[in-house]
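**Student:** here's my sequence, what's the structure:
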Amino acid sequence: MTTIDPRPTLNAPDVDPYLWLEDVEGERSLAWTASQSARTLKHFGGTQFERDHDALKAIFDRPDRIPLITRRGQYLYNFWQDAGNPRGLWRRTTLASYKDADPQWELLLDLDAFAASDGEDWTWGSASIEPEKRERAVLRLSRGGSDAVVHREFDLSSRSFVADGFNLPEAKGGIEWLDPNTLLLSSALGDGMATRSGYARTVRLWKRGADPLTAPAIFETGFESNGVSGQLDRTAENERLWFIETPAFFEKIGRIGDRSGPKMQIDLPRDARWNGFGDWLAVWPRKPWTVGGTTHAADAMIGISLSSFIAGERGFSTLFEPGDRLSLQSFFWNDGKLVISYLANLVPRFEIFTPGPQEWTRRALDTVPRKGTVDLWPLDTKLHETNGEVLVSAQDPITPPQLLLFDLNAVPPLGAPVILKRSPENFDSSGLVVTCHEAVSIDDELIPYTQVGPANGNGDAPVHLSAYGGFGISLLPYYNSPLGKLWLERGGTCVVANIRGGGEFGTRWHDAGRREGKRLAHDDFAAVAADLVRRGITVPRRIAAEGGCNGGLLIANMLTRYPERFGGLFCRIPLVDMRRYTKLLAGAIWIDEYGDPDKADDWAFLREISAYHTATPGQPYPPILLATTKRDDLVNPGHARKMAAKLQALGYPAYFYESGAGGHGPGTNNRERAAFIALGNNFLRSAIGWQADRVTGAGSTRAMPQ
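**Tutor:** Next up is the predicted model:
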């Protein structure tokens with residue numbers, strides 16, 4: 001009789017027979033991943049997968065999709081990928097041309113041609129254009145989509161790289177232009193220059209022609225900190241440098257200084273979010289903050305003159321106060337005006353505040369779309385160049401996005417947004433309805449979720465259920481083209497759950513689902529699955545659940561804690577081993593969200609959500625696919641590798657897939673993205689026994705291949 005080795009276990013958390021799979025580039029581990037990926041493709045990569053892949057790639061490559069833009073000076077810049085340019089084109093046009101149906105683009109860099117000539121697997125990161133002359137840019141390029149990048153200086157006039165310019169080898173970090181010949185360098189490049197999570201420990205002053213490794217450090221933090229960065233505030237009357245230290249994920253310390261380094265620390269709560277423009281400062285406290293004799297509520301928005309604050313004044317103006325289901329979501333400055341976004345019971349709202357010597361004036365942005373998922377952001381990349389123009393994206397689960405241009409300085413009623421572009425319809429939404437519901441979680445908290453699907457069902461609906469529930473990120477329902485094409489168009493139902501750990505209802509909602517509350521966030525997700533059954537929408541074996549990264553941790557816990565509520569699970573680029581996550585790549589930066597497993601008190605609750613340790617033999621686990629990418633240098637692919645190996649050793653129907661590129665995402669080009677998504681959805685449909693057919697509905701259940 002064969003003895004099953006269940007390790008690692010809660011009783012032996014550090015005895016790990018699969019530790020070798022953490023070696024990302026190890027010969028043995030790569031042989032294992034290749035064999036496993038081939039097995040998964042053999043089972044789920046057939047004719048249906050190919051059709052799905054081709055359908056998704058056609059959507060991703062559509063020439064009439066919206067080109068996203070950002071403005072620098074007179075030009076709008078865009079990075080574009082399609083069938084003929086899989087790596088992509090960096091290009092620019094003018095706003096007048098962009099408004100045309102067929103804009104005239106000026107090509108700056110063909111990344112496919114450059115990668116071929118350079119012999120590297122280059123993936124686009126971003127471009128930082130020198131703000132004074134706008135003749136040079138420093139490009140961020142990664143190998144295979146990794147978080148670590150190389151920096152290459154690029155001449156916009158000659159369309160060529162500068163051989164002896166601001167060029168950096170691969171490392172995590174970034175740069176900030178001070179002038180055409182000087183950069184602030186916040187990079188982990190060099191001995192002793194990285195924090196324990198792999199990010200920049202110093203800010204260095206890098207002069208043109210100098211060796212970056214010998215550039216003087218003008219600010220530094222300790223090894224245990226998450227990292228530092230520096231930036232030049234060009235909205236100030238005189239040159240003002242900000243030095244930002246992030247001791248932990250939700251903490252920020254700001255210091256003001258000059259090219260010799262910081263001179264003073266800004267006396268704000270470490271966990272507050274804040275930003276300034278000129279002589280004005282906007283602050284968003286995460287916790288109640290008593291200052292100047294006044295207590296400001298958590299998630300309020302308050303403002304003050306920066307120079308007055310530095311001089312000791314603490315009389316803040318209250319701009320926004322939260323409510324039970326009234327929560328601030330974001331804020332930004334534009335042309336001296338503060339724009340805030342908030343949710344009123346998950347409905348988007350926006351307001352604009354203009355600071356003045358006596359008071360701040362307030363105006364609701366009533367002409368901006370107020371239904372579905374709506375986002376606002378500045379058209380201009382750099383704060384000092386903003387002129388009041390903002391971009392607006394509006395969409396809902398069955399209405400494709402549209403991109404609008406809105407002028408904050410326009411006087412109502414003349415200030416209606418102008419539609420710039422509309423996204424094409426990528427799936428047939430006829431007969432689909434969008435409804436909102438609430439599930440009752442284990443502690444009686446109401447958990448909202450949005451359901452999209454046919455108006456009438458037979459109680460056996462194939463359901464795709466997803467959530468995130470972490471880092472205060474709000475997950476609002478949007479136009480999901482892949483799920484629309486592969487799930488909704490074929491008669492399925494899709495559900496997005498707003499579990500705790502997200503930011504949908506402010507810091508209270510986030511804090512309730514982080515650290516020791518993470519288990520509760522997972523209970524929320526299971527409650528939504530149960531509510532779908534209670535309402536007669538479906539049955540457990542027909543529920544397919546998917547999540548990535550923090551959502552992958554969620555899915556792994558559904559496997560071990562609530563297996564009876566699901567028919568299949570797709571676990572993408574996940575954290576799974578919560579005993580060792582802080583020791584793997586960038587894991588230490590997330591201690592603020594999860595806790596520190598090296599501390600006994602924290603391990604006491606982390607062990608409950610470490611699915612790698614809680615997985616035991618003899619359980620009714622549904623089929624699961626764990627998928628990751630080799631080039632993910634944020635979440636070590638060892639998490640997914642080890643979990644798949646252990647589950648298979650325990651005899652469960654667990655599958656594994658690893659793509660060679662993609663970074664912390666499904667791919668670096670449209671072909672890779674289409675393959676990753678199509679494979680996961682083909683697996684889920686197979687797991688729940690659904691032969692997707694719009695006309696005839698669900699097919700018969702079939703056994704998973706072994």
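**Student:** R159: neighbouring residues, count only.
**Tutor:** Residues within reach of R159, counting by other C-beta atoms under 10 Å, total 13. (Glycine included, C-beta is placed from N, CA and C.)
**Student:** which strand or helix spans the residue lying closest to it once chain neighbours are set aside?
**Tutor:** Excluding its sequence neighbours, the residue lying closest to R159 (C-beta to C-beta, 6 or more residues apart in numbering) is L108, at 6.0 Å. Using DSSP states H and E, L108 sits in strand 106-110.
**Student:** give me the contacts around that strand.
**Tutor:** With contact meaning C-beta atoms under 8 Å, 6 or more residues apart in numbering, strand 106-110 is reached by Y75, N85, L89, W90, R91, R92, T93, L139, F154, L156, R159.
**Student:** let me see the backbone angles for the first one.
**Tutor:** Think Y75. Main-chain dihedrals, Y75, degrees, to the nearest 10: phi -110, psi 150.
**Student:** for it, what are its contacts?
**Tutor:** Going by C-beta under 8 Å, 6+ apart, the list of residues near Y75 reads R92, T93, T94, E106.
**Student:** now the buried members of those residues.
**Tutor:** The neighbour count (16 or more other C-beta atoms under 10 Å) marks R92, T93 as buried among the contacts of Y75.
**Student:** for the contacts of Y75, work out which two are farthest apart.
**Tutor:** Spatial extent of these (C-beta to C-beta) is set by the pair T94 and E106 at 9.2 Å.
**Student:** pLDDT below threshold where in this protein?
**Tutor:** 1-2, 412-414, 692-706 (pLDDT under 70).
**Student:** quick check, central residue of it?
**Tutor:** Taking C-alpha atoms, centre = their mean, the centroid of the chain lies closest to I473, which sits 8.3 Å from it.
**Student:** ok, now how distant is it from E321?
**Tutor:** 23 Å (C-beta to C-beta, to the nearest Å).
**Student:** same thing with E516?
**Tutor:** 28 Å.
**Student:** more neighbours, these two?
**Tutor:** Counted by other C-beta under 10 Å, E516 and E321 do not tie: E516 has more neighbours, with 17 against 13.
**Student:** secondary structure of that one: a helix, I assume?
**Tutor:** Yes. Membership of E516 in a helix is supported by DSSP: H, G, I helix; E, B strand; the rest coil.
**Student:** now it: how far from N669?
**Tutor:** 41 Å.
**Student:** check V203 too.
**Tutor:** 34 Å.
**Student:** quick one, which of those two is more surrounded?
**Tutor:** V203 (29 against 23).
**Student:** in the sheet, who's paired with that one?
**Tutor:** F219 (DSSP bridges).
**Student:** how near is it to I175?
**Tutor:** Taking C-beta to C-beta, one finds V203 at 10 Å from I175.
**Student:** between those two, which contacts overlap?
**Tutor:** L184, L185, S186.
**Student:** quick check, nearest of those to R208?
**Tutor:** Nearest member of these to R208, counting by C-beta to C-beta, is L185, at 12.0 Å.
**Student:** the closest one is in what secondary structure piece?
**Tutor:** With DSSP H and E as criterion, L185 is part of strand 182-187.
**Student:** so W32 lies in a helix, does it not?
**Tutor:** Yes. W32 forms part of a helix when assessed by three-state DSSP.
**Student:** okay, now the nearest residue to it once chain neighbours are set aside: neighbour count?
**Tutor:** With C-beta to C-beta, 6+ apart as the criterion, W32 has its nearest non-adjacent residue at 6.7 Å, and that residue is L21. L21 has 24 neighbours, counted by other C-beta under 10 Å.
**Student:** checking L21 next. Helix, strand or coil?
**Tutor:** Assignment for L21 (three-state DSSP): helix.
**Student:** L606 versus that one, what's the distance?
**Tutor:** When L21 is compared with L606 (using C-beta to C-beta), they lie 21 Å apart.
**Student:** flag every buried residue along stretch 594-610.
**Tutor:** In stretch 594-610, counting by 16+ other C-beta under 10 Å, buried: Y594, G595, P597, D602, W603, F605, L606, E608, I609, S610.
**Student:** to clarify, my last question referred to stretch 156-176.
**Tutor:** With burial defined by 16+ other C-beta under 10 Å, the residues of stretch 156-176 counted as buried are L156, V162, F166, L168, A171, K172, G173, G174, I175, E176.
**Student:** secondary structure for these - can I get that in JSON lines?
**Tutor:** Output for the buried residues of stretch 156-176, formatted as JSON lines (three-state DSSP):
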{"residue": "L156", "secondary structure": "coil"}
{"residue": "V162", "secondary structure": "coil"}
{"residue": "F166", "secondary structure": "coil"}
{"residue": "L168", "secondary structure": "strand"}
{"residue": "A171", "secondary structure": "strand"}
{"residue": "K172", "secondary structure": "coil"}
{"residue": "G173", "secondary structure": "strand"}
{"residue": "G174", "secondary structure": "strand"}
{"residue": "I175", "secondary structure": "strand"}
{"residue": "E176", "secondary structure": "strand"}
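**Student:** just the closest of the residues you listed to T47, please.
**Tutor:** Closest to T47 out of those is K172 (41.7 Å), distances taken as C-beta to C-beta.
**Student:** quick check: end-to-end length of stretch 364-384?
**Tutor:** One end of stretch 364-384 sits 24 Å from the other (C-alpha to C-alpha, to the nearest Å).
**Student:** buried sites along it?
**Tutor:** With burial defined by 16+ other C-beta under 10 Å, the residues of stretch 364-384 counted as buried are 365, 367-369, 372-376, 378-383.
**Student:** in this protein, which spans are helices?
**Tutor:** With DSSP state H as the definition, the chain shows helices at residue ranges 27-44, 47-60, 95-98, 111-118, 306-310, 481-483, 507-512, 518-534, 550-561, 591-594, 600-606, 611-614, 638-649, 670-687.
**Student:** now the ones you listed in TSV, with distance to L446?
**Tutor:** Shown next, in TSV, are the helices of the chain (distance: least, C-beta to C-beta, whole Å):
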stretch	distance to L446
helix 27-44	37
helix 47-60	35
helix 95-98	43
helix 111-118	47
helix 306-310	39
helix 481-483	25
helix 507-512	11
helix 518-534	10
helix 550-561	19
helix 591-594	23
helix 600-606	24
helix 611-614	26
helix 638-649	32
helix 670-687	27
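**Student:** and of those, who's closest to P355?
**Tutor:** helix 306-310 (10.3 Å).
**Student:** I'd say L486 and A678 touch.
**Tutor:** Yes. Between L486 and A678 there is a contact under C-beta atoms under 8 Å: 7.1 Å.
**Student:** joint contacts of these two?
**Tutor:** Both L486 and A678 are contacted by D52, L56, under the criterion C-beta under 8 Å, 6+ apart.
**Student:** could you measure from the residue nearest to T582 when sequence neighbours are not counted over to D271?
**Tutor:** Distances taken as C-beta to C-beta, 6+ apart put A588 closest to T582, at 4.6 Å, once the chain neighbours are dropped. For A588, the distance to D271 equals 18 Å [C-beta to C-beta].
**Student:** these two: who's more crowded?
**Tutor:** Remark: of A588 and D271, A588 carries more neighbours, 21 against 18, as counted by other C-beta under 10 Å.
**Student:** quick one: residues contacting that one.
**Tutor:** By C-beta under 8 Å, 6+ apart, the neighbours of A588 are T195, R196, S197, N226, T582.
**Student:** quick one: which of the residues you listed is most hemmed in?
**Tutor:** N226 leads the contacts of A588 on contacts (other C-beta under 10 Å) with 25 neighbours.
**Student:** partner residues bridging the nearest residue to it once chain neighbours are set aside?
**Tutor:** Leaving aside its sequence neighbours, N226 sits nearest to T246 (C-beta to C-beta, 6+ apart; 4.4 Å). T246 has these beta-bridge partners by DSSP bridges: G227.
**Student:** hmm, T246 is touching G222, no?
**Tutor:** No. With contact defined as C-beta under 8 Å, T246 does not count as touching G222 (11.9 Å).
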